[in-house]
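# quick check, what structure comes out for this input:
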Amino acid sequence: MHKISGIRSVGKEYVELARSLGASPRKAFFDIVIPLALNSIFTGLRLEAGMAWRTIVAAEMIAIPVGIGALMMVSQYLIRVDIIMLCLRVLALMTLTSEKLLMLIEEKIVRWR
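Numbering: from 1, shown residues only. Next up is the predicted model:
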């Protein structure tokens, strides 16, 4: 959602100015709209990356017999809270790593633009 709202938040006056100076709609989109929306786009990507990891683990809990989610389910039946906590830490680490990686990519792209 942030990706779409980021693009919509770019003022139409910027696009109109570029168009009045001879830019094609495509050029105005890629040279004006996308650079101005990059922060919102990457915010949406970071938020959705965390949700993707949680969704994968939830799917493993339900349908797949291997993975962190399946290990958590087995640990629940065996009352192994230590393993469940370890799995949650791994999930948090994967989410944090994804977010940091996307932040690094964002920094490189925004600085480049």
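
# skipping its backbone neighbours, what lies nearest the spatially most central residue of the chain in space?
By C-alpha atoms, centre = their mean, the chain has its centre lying nearest to residue 45, at 2.2 Å. Nearest residue to residue 45, sequence neighbours excluded (C-beta to C-beta, 6 or more residues apart in numbering): residue 102, at 5.5 Å. For every residue, glycine as well, the C-beta is placed using N, CA and C.

# so where is this protein shaky, pLDDT-wise?
1-5, 112-113 (pLDDT under 70).

# longest helix in it, please.
helix 81-112 (DSSP state H).

# would you mark the buried spots in it?
84, 87, 91, 94-95, 98, 102, 106 (16 or more other C-beta atoms under 10 Å).

# and residue 66, how many neighbours does it have?
8 (other C-beta atoms under 10 Å).

# pretty sure it contacts residue 60?
Yes - counting by C-beta atoms under 8 Å, residue 66 touches residue 60, with 7.3 Å between them.

# who are the packing partners of the helix or strand where the residue nearest to the centre of the chain lies?
Assigned by DSSP states H and E, residue 45 belongs to helix 34-62. On a contact count with 3 or more C-beta pairs under 8 Å, 6 or more residues apart in numbering; DSSP states H and E, helix 34-62 meets helix 2-8, helix 68-77, helix 81-112.

# how about those helices, which one is nearest residue 21?
helix 2-8 (20.6 Å; C-beta to C-beta).

# right, and the helix or strand after the closest one?
Assignment by DSSP H and E places the next element after helix 2-8 at helix 12-20.

# from the contact counts, what lies against that next one?
Packed against helix 12-20 by the contact rule (3+ C-beta pairs under 8 Å, 6+ apart) you find helix 25-28.
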